[in-house]
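Novice: Sequence and computational prediction follow.
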Amino acid sequence: MSKSSFLLGVILGGAAATAAAIKLMDTTPQQLKEAAVEKFDDFMEANDFDADTLKSRAASSVDDLKQRGLDLANRANSKFNSDMGDEDEDFVVDNMVETPYEKPTEVFMPHKEEK
């Protein structure tokens with residue numbers, strides 16, 4: 001699913017929910033908006049959230065995730081490279097070797113060479 005399809009679904013779902021709330025509760029859109037803002041403010045006060053605190057937490061979380069990603073990539077790289085041993089040679093594919101082309105066979109089928 002693409003991001004645009006998901007975003008469109010979220011927008012349409014939110015619009016449908018808002019329309020249903022307005023029709024079923026006999027409220028105006030302005031009253032609904034004020035109630036949502038009031039609930040959000042109450043939540044922020046009850047949990048002692050501050051915009052600057054949230055920004056700093058988010059920034060530190062992003063930095064921590066970046067560092068974890070780098071550590072994971074380094075571990076995977078060192079594990080992959082340790083399997084190769086001490087060989088620092090480049091791998092070269094020799095296209096000049098003349099070997100007959102073998103048709104691929106299906107899985108679990110015996111390979112028969114046609115002459």
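Specialist: Happy to help now that I have it. Residues are numbered from 1 along each chain as shown.
Novice: Residue 77: helix or strand, and which one exactly?
Specialist: helix 51-83 (DSSP states H and E).
Novice: Residue 48 in helix, strand or coil?
Specialist: Classification of residue 48 by DSSP: H, G, I helix; E, B strand; the rest coil places it in coil.
Novice: tally of neighbours for it?
Specialist: 7 (other C-beta atoms under 10 Å). For the C-beta atoms, the positions are set from N, CA and C on the backbone; glycine is no exception.
Novice: Could you break this structure into its assigned domains?
Specialist: Taking automatic domain parsing as the reference, the chain has its domains at 13-48, 49-79.
Novice: State the mean pLDDT of the longest one.
Specialist: The average pLDDT within domain 13-48 is 84.
Novice: Please measure how far the first residue of that domain sits from its last one.
Specialist: Start-to-end span of domain 13-48 (C-alpha to C-alpha, to the nearest Å) is 31 Å.
Novice: And that domain, what's buried?
Specialist: When burial is assessed from 16 or more other C-beta atoms under 10 Å, domain 13-48 yields no buried residues.
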